[in-house]
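**Q** With the sequence up front, the predicted model follows.
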Amino acid sequence: MPGITVTPSTDTSGSRLHLLTAVSPRKGAGCSPTGIVGRRLARQLAAAGDRVRVLAEPDRLHDWPAGTEIVEGSVSRRPSEYAEAFDGVDAVFLAGAVPATVGEVLDTARDAGVRRTVVLSSHGPEYEEAYPPETWFWLAIERAVERSGMEWTYIRPSAVMGAVIEGTYPATGSDWADTIRTGGVVREAFLDGGHYPFIHEDDLAAVAAAALRTDDHVGRILEAVGLPIATRERVASIARAVGRDIAAVEATPDESRETWRGRGWPDDGIDVTLYALQEYGDQLTELTQWTLAQRPSVQEITGRHPRSFDAWAREHAHLYR
């Protein structure tokens, strides 16, 4: 196995060691950006005085905060070859797992004495329950974790605002940086009336940190969900952040489908994106109320107000200039 690379850090002897996993970007429905979320989580854990180790695929090895122990490897391909990465670990933030190898990951973790697994999951299990087990993806991962005998928490997030940086689900907004920079325009389906729920990656990381560091959420499903945001509101936030007008042009669903296909999006990621844009627009009141009713809320877990899309756009305005 590749050696562990340790970036010099202050002495944290006696602190807990957390293992975070990160994989290459995936565009499939429900996949979150593991690198972006993981780096935010690593900073928060280090700030709390804990140690952080990362098991990351080759293109996710960079830009981790100082003091992070980095192991090149994967939870989706031959994970037992990286068993050393689990040594001394108290809890694992399992992001990017796949059904084919999740059992091997969990066996390796349990054998190493890992106490807790926090899964970056999806809302897919809510729909997969109606289908035969051989068709499950997200639910197969969750059920395997339950059988592992370790403590567990599942985090089912909204789409992540920073997904556009890493190129992960959802497809909405994924081409805006290019079209805004080159022509000052956004073309997308459901501009009028379309909505999508988003959570800031820093808030999602804070939810994960709470699940890793406290006993408050063991055996629970945490709905790390943000409020639905209108598509035109997202465009307006970016326009304010970059200080220029951005034209918004309504496209048909088929036109957006072809645009996204040309950028490598699979049909399942496109289908769910289009469905959600329309569904959240059509049922905005009901789905907003559902979001507000979730307990514990993101604010209750993190102890602060969730970060807005305006704040995210200001932080990443350089992407659109």
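**A** Everything's here; your move.
**Q** switch to C-alpha atoms for all contacts and neighbour counts from now on
**A** Noted.
**Q** can you pull out the strands in the stretch 201-321 of the chain?
**A** Here the stretch 201-321 of the chain has its strands, by DSSP state E, counting those that start in this stretch, at 221-224, 228-230, 247-251.
**Q** Which elements pack onto the longest helix that the chain contains?
**A** With secondary structure taken from DSSP state H, the chain has its longest helix at helix 267-282. Counting contacts by 3 or more C-alpha pairs under 8 Å, 6 or more residues apart in numbering; DSSP states H and E, helix 267-282 packs against strand 195-199, helix 253-262.
**Q** Contacts for that helix, please.
**A** Helix 267-282 is contacted from outside by 27-30, 169-172, 189-190, 193-196, 228, 230, 253, 257, 260-261, 287, using C-alpha atoms under 8 Å, 6 or more residues apart in numbering.
**Q** if we can go back for a sec, please identify the most buried of the helices and strands packed on helix 267-282.
**A** Most buried of the helices and strands packed on helix 267-282, by mean neighbour count (mean count of other C-alpha atoms under 10 Å): strand 195-199, with a mean of 23.
**Q** Can you say which of the contacts of helix 267-282 are buried?
**A** 27-30, 169-172, 189-190, 193-196, 228, 230, 253, 257, 260, 287 (16 or more other C-alpha atoms under 10 Å).
**Q** quick one, which of the helices and strands packed on helix 267-282 is nearest to residue 176?
**A** Of all the helices and strands packed on helix 267-282, helix 253-262 sits nearest to residue 176, with 11.2 Å by C-alpha to C-alpha.
**Q** orientation of that closest one relative to strand 247-251 in degrees?
**A** 100 degrees (axes from the mean of the first three to the mean of the last three C-alpha atoms, to 10 degrees).
**Q** list the helices and strands helix 253-262 packs on?
**A** strand 185-189, helix 267-282.
**Q** tell me what the first one is packed against?
**A** Using 3+ C-alpha pairs under 8 Å, 6+ apart as the contact definition, the elements that strand 185-189 packs against are helix 176-183, strand 247-251, helix 253-262.
**Q** Average pLDDT for that strand, rounded please.
**A** Averaged over strand 185-189, pLDDT sits at 97.
**Q** which residues make contact with it from outside it?
**A** Contacts of strand 185-189 (C-alpha under 8 Å, 6+ apart): 172, 176, 179-180, 235, 246-253, 255-256, 274.
**Q** Who does that strand pair with, and is each partner parallel or antiparallel?
**A** Using DSSP bridges, strand 185-189 pairs in its sheet with strand 247-251 (parallel).
**Q** buried stuff in the strand it pairs with?
**A** 248, 251.
**Q** again with stretch 141-156
**A** For stretch 141-156, by 16+ other C-alpha under 10 Å, it's 141, 142, 145, 148, 150, 151, 152, 153, 154, 155, 156.
**Q** Run through the neighbouring helices and strands of the host helix or strand of the first one.
**A** Secondary structure assignment for residue 141, by DSSP states H and E: helix 138-147. The elements that helix 138-147 packs onto, with contact taken as 3+ C-alpha pairs under 8 Å, 6+ apart, are helix 99-111, helix 124-128, strand 151-157.
**Q** Could you tell me the angle between it and helix 99-111?
**A** 20 degrees.
**Q** The contacts of strand 185-189: which two are farthest apart?
**A** 246 and 274 (22.0 Å).
**Q** Flag the shaky bits of this structure, pLDDT-wise.
**A** For the chain, the stretches flagged by pLDDT under 70 are 1-14.
**Q** Apply 50 and report the result again.
**A** 1-13 (pLDDT under 50).
**Q** No more questions from me, cheers.
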